[in-house]
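Peer 1: requesting a structural model of the entry that follows:
(4 chains)
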There are 2 protein chains.
Amino acid sequence: MTLEASLVTAGTASQILDVAERLVQTRGYNAFSYADIAAELEITKAALHYHFRSKAVLGDVVLERYTRRFFEALANIPSWDPAPARLARYVDLYRAVLRADRLCLCGILAAEYQTLPTPMREAVLEFFDRNEAWLEEVLRDGIAAGSVRANEPVHDSARLLISGLEGAMMLARARGDIDRFDRSAERMLADLTA
Amino acid sequence: MTLEASLVTAGTASQILDVAERLVQTRGYNAFSYADIAAELEITKAALHYHFRSKAVLGDVVLERYTRRFFEALANIPSWDPAPARLARYVDLYRAVLRADRLCLCGILAAEYQTLPTPMREAVLEFFDRNEAWLEEVLRDGIAAGSVRANEPVHDSARLLISGLEGAMMLARARGDIDRFDRSAERMLADLTA
DNA sequence: GTCTATAAGTAGATAGAC
DNA sequence: GTCTATCTACTTATAGAC
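Peer 2: Modelled structure (predicted):
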């Protein structure tokens, strides 16, 4: 990133998004307030409302940015790498979140799903749809190359991996034990590969 | 349950617990209020405070009752049944919760973990510890009988199953698609059994 | 773009009558 | 055991000055 680009994203709006994102990932959407963000950034709640009209809008923008960045990171995994290596890189993304003492944004929002504004609900489902689609392609590549077990249908394999990672993150975070997540992830990858 | 026993548990306190339990399982601990329960039972918030001094106490009692009932249900699974059958019965308990459009109480509380009062945090961890212990015993029985794959250590297998079920419930509930849960659960059981 | 001030509502919780 | 009434604190959100 160039200096200019970093300055562009260093404005108040992006600082607000940074704090809001962290608060959702650690406490959940229903357990943080504009007051929390205002206190941390040493601005007023009114200033927050200037940048994000409502909490629902803020939540939606946080979600959109998180999803964009997540799939940018996925796009950086070379499609010519062997499927098991790509799956390991996928798991690495989750582990990095957990190492920052956070949950997957969409994981914690899935738990709060019934209380979310409609646009946020749709964005959460879209995040998981796109995850499934990415994993399905990797799994199909791996099956064709003989490096992934030929369990069908692949969308069930993809969903099981996503569910397992989300669940493992929640339980590992409650324990403060990243090792648990690692061992669960290893087992899942081993079950998938041939 | 006898008529007398059902009358004993039909008091206001137990009605409050019923409503609170459902609200936590559907919306989460941070997204329900005394006002919600009071409105549903057509009593006042003050009456609620008579039965449960604070929301933290109510949450703790809900958690205690849920855990007690869950392990009573587990205790009803005959220990002489084959391990795969016992694992299927275990999964049935989760499915029944999902069919009632709820999440596992401790699953949703794990997502909210960082915002919970300390006694509730401890009760959540204890719930999962006891789940692990029950599963480990079943898995060891199955390995000895040759009906369960000899993956070691068994506590990793137990944890992976719990994580997978909790994650699958969250994602299936968001979709309103119980079938997803069933297919994930089937795969997990198939991966465990020989 | 940020502030002060304030609105209008809800949160959990308590005192005291009945 | 339930009520009315009330409290304090906090929630999201807006108006208008600078």
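
Peer 1: only C-alpha atoms for contact and neighbour calcs from this point on.
Peer 2: Noted.

Peer 1: following element in sequence after the helix or strand bottoming out on mean pLDDT in chain A, please.
Peer 2: Least confident helix or strand, chain A: helix A:3-8 with a mean of 45, by mean pLDDT, DSSP states H and E. Counting by DSSP states H and E, the next helix or strand C-terminal to helix A:3-8 is helix A:12-27.

Peer 1: that following helix and chain B in contact?
Peer 2: Yes: using C-alpha under 8 Å from any C-alpha of the partner chain, we find that helix A:12-27 touches chain B at A:26, A:27.

Peer 1: residues in contact with that helix?
Peer 2: Outside helix A:12-27, the residues that touch it by C-alpha atoms under 8 Å, 6 or more residues apart in numbering or on different chains are A:29, A:31-32, A:37, A:41, A:48, A:51, A:58-59, A:61-62, A:101-105, A:108, B:112-115.

Peer 1: please repeat the previous calculation with a cut-off of 6 Å.
Peer 2: Residues from elsewhere that reach helix A:12-27, judged by C-alpha atoms under 6 Å, 6 or more residues apart in numbering or on different chains: A:62, A:102, A:103, A:105.

Peer 1: over to stretch A:79-97?
Peer 2: A:138, A:142.

Peer 1: any idea of the mean pLDDT for that stretch?
Peer 2: In this model, stretch A:79-97 has an average pLDDT of 98.

Peer 1: can I get it in CSV? Just the C-alpha atoms.
Peer 2: The C-alpha trace of stretch A:79-97 is given here as CSV (Å, rounded to 0.1, in the frame of the first residue of the first chain):
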residue,chain,number,x,y,z
SER,A,79,-5.0,-21.3,-7.5
TRP,A,80,-2.1,-23.5,-8.9
ASP,A,81,-1.1,-24.6,-5.3
PRO,A,82,-2.1,-28.1,-4.4
ALA,A,83,-5.6,-28.3,-2.8
PRO,A,84,-4.3,-29.4,0.6
ALA,A,85,-1.9,-26.4,0.7
ARG,A,86,-4.8,-24.1,-0.2
LEU,A,87,-7.0,-25.6,2.5
ALA,A,88,-4.2,-25.1,5.0
ARG,A,89,-4.0,-21.4,4.0
TYR,A,90,-7.7,-21.1,4.4
VAL,A,91,-7.5,-22.4,8.0
ASP,A,92,-4.6,-20.0,8.5
LEU,A,93,-7.0,-17.1,8.0
TYR,A,94,-9.2,-18.3,10.8
ARG,A,95,-6.3,-19.0,13.1
ALA,A,96,-5.0,-15.4,12.5
VAL,A,97,-8.4,-14.0,13.7
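
Peer 1: for it, the distance to its chain's centre please.
Peer 2: The chain centroid and the centroid of stretch A:79-97 are separated by 14 Å under C-alpha atoms, centre = their mean, to the nearest Å.

Peer 1: before we move on, the earlier item: in strands, which of the contacts of helix A:12-27 appear?
Peer 2: Per DSSP state E, strands hold no members of those.

Peer 1: can you tell me if the longest helix seen in chain A touches DNA strand D.
Peer 2: Across chain A, the longest stretch assigned as helix under DSSP state H is helix A:118-145. No: against DNA strand D, helix A:118-145 shows no contacts by C-alpha under 7 Å from any atom of the strand, the least distance being 13.4 Å.

Peer 1: and that helix, what's buried?
Peer 2: Neighbour counts over helix A:118-145 (16 or more other C-alpha atoms under 10 Å in any protein chain shown) mark A:120-121, A:123-125, A:127-128, A:131-132, A:134-143 as buried.

Peer 1: what's the answer for stretch A:39-53, then?
Peer 2: A:48, A:52.

Peer 1: hmm, that stretch in reach of DNA strand D?
Peer 2: Yes: using C-alpha under 7 Å from any atom of the strand, stretch A:39-53 reaches DNA strand D at A:45, A:46, A:49, A:53.

Peer 1: relative to DNA strand C, how far out is residue A:127?
Peer 2: 29 Å (C-alpha to the nearest atom of the strand, to the nearest Å).

Peer 1: how many residues are close by the closest residue to that residue other than its chain neighbours?
Peer 2: Nearest residue to residue A:127, sequence neighbours excluded (C-alpha to C-alpha, 6 or more residues apart in numbering or on different chains): residue A:67, at 6.4 Å. Neighbour count for residue A:67, taken as other C-alpha atoms under 10 Å in any protein chain shown: 21.

Peer 1: interface residues of chain A facing chain B?
Peer 2: Proximity of chain A to chain B, by C-alpha under 6 Å from any C-alpha of the partner chain, involves residues A:108, A:111, A:160, A:163, A:164, A:166, A:167, A:168, A:170, A:184.

Peer 1: may I ask which two of those residues are separated the most?
Peer 2: A:111 and A:184 (20.3 Å; C-alpha to C-alpha).

Peer 1: show me where chain A has its helices.
Peer 2: Counting by DSSP H, the helices of chain A are A:3-8, A:12-27, A:34-41, A:45-51, A:55-75, A:83-99, A:105-111, A:118-145, A:154-175, A:178-192.

Peer 1: counting by contacts, list what the longest helix of chain A packs against.
Peer 2: Applying 3 or more C-alpha pairs under 6 Å, 6 or more residues apart in numbering or on different chains; DSSP states H and E, we find helix A:118-145 packed against helix A:154-175.

Peer 1: what angle do the helix it packs on and helix A:12-27 make?
Peer 2: Angle, helix A:154-175 to helix A:12-27, by axes from the mean of the first three to the mean of the last three C-alpha atoms, to 10 degrees: 80 degrees.

Peer 1: off-centre distance for helix A:154-175?
Peer 2: Worked out by C-alpha atoms, centre = their mean, helix A:154-175 lies 12 Å from the chain centre.

Peer 1: now it: buried residues?
Peer 2: A:154-174.

Peer 1: run the angle between that helix and helix B:178-192 for me.
Peer 2: Using the same axes, to 10 degrees: helix A:154-175 against helix B:178-192 is 80 degrees.
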